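Asker: Build me a model from this:
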Amino acid sequence: MTDPSQAATVLLKLYELRTEPALRQARAWFAFEFHPTSARDVLGTWLGPGHESAPYRMVTSYWDMAASLVTQGAIPAEMFNEANTEHIALFAKLRPFLAEVRSTTGYPDYLANIERVVEMLPAPEERIELFGRYVARQRALAAEGKQRPTYGGDAPALEKTMTENE
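Answerer: Now for the predicted structure:
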């Protein structure tokens, strides 16, 4: 059994990392500007050149790393899931494409830690559906032009910030 105070310390460190400016900016981009409609969109963003690859990788690797602390027993799943919900939204956004992304890349455990942690929730399908509605709402707002770019439209500056902080 994990010592609750040690787990809480790790959880607080994860929160501190989330407030780091480059990761905060990447998380905003992922939530409000990245709206894939296919595995091809995901793969093109993840593996492609340009300013979108860095924030995509930053967000997905951060949450998969954080989830690995749960799957490895450093943080109890209940504590982690009570303190965080963003990983559920990430999973809801990418789940429709994960099988194809995993197959195409030959990376069968891509984002598997996040998937396992989400599955540890009570009634995970209900939570995924709830966050799926949130993701759909953000996509609709973006389509209506109601989302502002997180980086002020300066893609080279964002790319420089992201690569400096990886």
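Asker: chain center to the helix or strand where Arg139 lies: distance?
Answerer: Here Arg139 sits within helix 124-143, counting by DSSP states H and E. On the basis of C-alpha atoms, centre = their mean, to the nearest Å, helix 124-143 sits 14 Å off its chain's mean C-alpha point.
Asker: How about it, which residues are buried there?
Answerer: Using 16 or more other C-beta atoms under 10 Å as the test for burial, helix 124-143 gives Pro124, Arg127, Ile128, Phe131, Gly132, Val135, Gln138, Arg139. Using the backbone N, CA and C atoms, a C-beta is placed for each residue, glycine as well.
Asker: can you list the residues you listed in JSON lines and add distance to His35 and pLDDT?
Answerer: Formatted as JSON lines, those follow (distance: C-beta to C-beta, whole Å; pLDDT from 0 to 100):
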{"residue": "Pro124", "distance to His35": "23", "pLDDT": "96"}
{"residue": "Arg127", "distance to His35": "20", "pLDDT": "95"}
{"residue": "Ile128", "distance to His35": "17", "pLDDT": "96"}
{"residue": "Phe131", "distance to His35": "14", "pLDDT": "95"}
{"residue": "Gly132", "distance to His35": "13", "pLDDT": "95"}
{"residue": "Val135", "distance to His35": "8", "pLDDT": "94"}
{"residue": "Gln138", "distance to His35": "7", "pLDDT": "92"}
{"residue": "Arg139", "distance to His35": "4", "pLDDT": "92"}
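Asker: Many thanks, we can stop here.
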